[in-house]
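Visitor: Model the following, please.
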Amino acid sequence: MDNDQRDVRIQKLRELRERGINPYRDKYERTHLLSEARSLQPETRDVRIAGRVMAIRMFGRLIFATLKDGSGRMQIALQEKTLGDEFGFFKKYVDIGDFIGTEGDIFITKKGETTLNTLRFEILSKTLRPLPEKWHGVQDRELLYRQRYLDLTMNDDTMKKFLIRTGIIRTMREFLDSSGFTEVDTPVLQTKPSGAIATPFTTHHNALDMPLYLRIAPETYLKRCIAGGFDRVYEFARSFRNEGMDPSHLQDFTLLEWYAAYWSYENNMEFTQRFVKHVLREINGSLVLRYGEREIDFSGAWKRITMREIILADTGIDIYAYEDDTALRKRIETDKIEIQGFETMGLGQLIDNLFKKVSRPAIIDPVFIVHHPRELSPLARTNDEDGRITDRFQLVANGWELINAYSELIDPLDQRARLEAQARLHSSGDAEAMVMDEDYLTAMEHGMPPISGLGMGVDRFISLLAGQENLRDVVLFPLMKPREEE
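Guide: Reported below is the predicted structural model:
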């Protein structure tokens, strides 16, 4: 059916060109967006608007059509007595989905709808495929992701959702800028996959004939900025991790990271709480967030609990009672806790995955998880009072890790020892373990001030505010496996 309609539209395209009409114009001068035109007073003249035709309703010698642009929708009217032969031209050549420009005067219909009485119109772009008639109520999520352009066109709620995303990021930027932070850009292509414990995507630089990695995090480059003299920096960094797929993880995602000189992780926790509450007030209008049938309360001072305490409470396992991964692995097996791929994990990864499996899913209201084991935090500063832990925190809410932050490790010799330990894990089969990064170590040896940094999964935070369970629902064009016909 679509192919038949496509053939009909291609024939119309040929006829338009035979009549000397270019069906694909280079521009159209508008006086108003549709939302602006809807607010004009009746009898306002010489109004020029443009948009996609979303509906056509014919009543003999009168046609009503609905246009849509990025600001909203508006009705136009076309009358045969006013347009003459152009009225028939519209009926023959303009289809739903086409982009047109119209000029005329504003009036109010008997039903009270602000409408443009069209005196002139132009076809600006002729569509070859019809818009879907039954898009509303589509349950095929994959179809929505693959054809997001149609989802945006047909579903005003989808457009609203992505405008909210833009508003959230704008609010974040404004808060950071007003707090003395400077936005910077760091490399996406890197010679070492650094800044997080994750499996990288690999690529090849043809001109230099060398392997490269898509960044898993901007961390080590942002800390180079602090070493170079910036006081506070941040970046909205597109990041890539070659890991498993599920509703709360994407391989291609947006990561917000910031770093502040002379802050500790406790300073950062206090700032983080102010930051998140500010965004919630601006976007949500309240610190109580509605998520499905659940309410998440971000008000008050957020609870703090150590990783050791929460795992002990939930499983009876004291993570500090096990000196190596073999001993902890045996305990996990004895307790029949299923952790996928735990056979090749080091001690830190075992602890992290134990927390993710048994503790994190039950956390609804925001909680700061603090004092992560040293083995789990190769870039974090060791706690002064307990050498087994680091000065680190995670913000968890609704069962998701929203934020990961810590006091940065600035001791180059300690950092070298930890990276060497990570490199040994990597060599023994732990694909997520970090590798040696001599360039970063050289930067550290030239000196860094005390630093605290933070990473936030922007897509995950937006999903929470938008009430979405799948990150793909707040990403415009999520990666999809090509269909066979592609």
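Visitor: Tell me how many other residues surround His204.
Guide: Counted with other CB atoms under 10 Å, residues neighbouring His204 total 9. From N, CA and C alone the C-beta is placed, and that goes for glycine too.
Visitor: Report the beta-bridge partner residues of it.
Guide: For His204, the beta-bridge partners are Pro211 (DSSP bridges).
Visitor: Tell me the spacing between it and Asn242.
Guide: 15 Å (CB to CB, to the nearest Å).
Visitor: biggest helix in the protein, by residue count?
Guide: Longest helix of the chain, by residue count under DSSP state H: helix 156-178.
Visitor: how far out from the middle of the chain is that one?
Guide: In terms of CA atoms, centre = their mean, to the nearest Å, the centre of helix 156-178 is found 10 Å from the chain centre.
Visitor: Counting by contacts, list what it packs against.
Guide: helix 148-154, strand 182-183, strand 232-240, helix 265-284, helix 458-466 (3 or more CB pairs under 8 Å, 6 or more residues apart in numbering; DSSP states H and E).
Visitor: May I see those organised as a markdown table, with distance to Arg45, mean neighbour count and mean pLDDT added?
Guide: Formatted as a markdown table, these follow (distance: least, CB to CB, whole Å; neighbours: other CB atoms under 10 Å; pLDDT from 0 to 100):
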| stretch | distance to Arg45 | mean neighbour count | mean pLDDT |
| --- | --- | --- | --- |
| helix 148-154 | 30 | 17 | 92 |
| strand 182-183 | 45 | 13 | 98 |
| strand 232-240 | 45 | 21 | 97 |
| helix 265-284 | 39 | 18 | 97 |
| helix 458-466 | 41 | 22 | 94 |
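Visitor: Identify each buried residue in the longest helix of the chain, please.
Guide: Buried residues in helix 156-178, counting neighbours by 16 or more other CB atoms under 10 Å, are found at 158-159, 161-162, 164-165, 168-169, 171-172, 175-176.
Visitor: and those as JSON lines, adding distance to Glu257 and pLDDT?
Guide: Shown next, in JSON lines, are the buried residues of helix 156-178 (distance: CB to CB, whole Å; pLDDT from 0 to 100):
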{"residue": "Thr158", "distance to Glu257": "29", "pLDDT": "91"}
{"residue": "Met159", "distance to Glu257": "29", "pLDDT": "92"}
{"residue": "Lys161", "distance to Glu257": "25", "pLDDT": "92"}
{"residue": "Phe162", "distance to Glu257": "23", "pLDDT": "94"}
{"residue": "Ile164", "distance to Glu257": "22", "pLDDT": "93"}
{"residue": "Arg165", "distance to Glu257": "18", "pLDDT": "95"}
{"residue": "Ile168", "distance to Glu257": "16", "pLDDT": "97"}
{"residue": "Ile169", "distance to Glu257": "14", "pLDDT": "97"}
{"residue": "Thr171", "distance to Glu257": "17", "pLDDT": "98"}
{"residue": "Met172", "distance to Glu257": "12", "pLDDT": "98"}
{"residue": "Phe175", "distance to Glu257": "15", "pLDDT": "98"}
{"residue": "Leu176", "distance to Glu257": "11", "pLDDT": "98"}
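Visitor: and those residues as a markdown table, adding distance to Ala217?
Guide: What follows is the buried residues of helix 156-178, written out as a markdown table (distance: CB to CB, whole Å):
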| residue | distance to Ala217 |
| --- | --- |
| Thr158 | 30 |
| Met159 | 31 |
| Lys161 | 27 |
| Phe162 | 25 |
| Ile164 | 26 |
| Arg165 | 21 |
| Ile168 | 21 |
| Ile169 | 18 |
| Thr171 | 23 |
| Met172 | 18 |
| Phe175 | 21 |
| Leu176 | 18 |
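Visitor: Arg30: which of those residues is nearest?
Guide: Met159 (19.0 Å; CB to CB).
Visitor: check which helix or strand covers the residue nearest to Arg392 when sequence neighbours are not counted.
Guide: Closest residue in space to Arg392, ignoring its immediate chain neighbours: Tyr406 at 3.6 Å, by CB to CB, 6 or more residues apart in numbering. Per DSSP states H and E: Tyr406 is located in strand 400-407.
Visitor: Report the backbone C-alpha coordinates of the next helix or strand after that strand in PDB.
Guide: Downstream of strand 400-407, the first helix or strand assigned by DSSP H and E is helix 412-427. Extracted in PDB, the C-alpha atoms of helix 412-427 (Å, rounded to 0.1, in the frame of the first residue of the first chain):
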ATOM      1  CA  PRO A 412      51.700   9.400  41.600                       C
ATOM      2  CA  LEU A 413      53.600   6.500  43.200                       C
ATOM      3  CA  ASP A 414      50.400   5.100  44.700                       C
ATOM      4  CA  GLN A 415      48.600   5.600  41.400                       C
ATOM      5  CA  ARG A 416      51.400   3.700  39.600                       C
ATOM      6  CA  ALA A 417      51.100   0.800  42.000                       C
ATOM      7  CA  ARG A 418      47.400   0.600  41.500                       C
ATOM      8  CA  LEU A 419      47.500   0.800  37.800                       C
ATOM      9  CA  GLU A 420      50.100  -2.000  37.800                       C
ATOM     10  CA  ALA A 421      47.800  -4.200  39.800                       C
ATOM     11  CA  GLN A 422      44.900  -3.300  37.400                       C
ATOM     12  CA  ALA A 423      47.200  -4.200  34.400                       C
ATOM     13  CA  ARG A 424      47.900  -7.600  35.900                       C
ATOM     14  CA  LEU A 425      44.200  -8.200  36.200                       C
ATOM     15  CA  HIS A 426      43.700  -7.100  32.600                       C
ATOM     16  CA  SER A 427      46.500  -9.500  31.500                       C
END
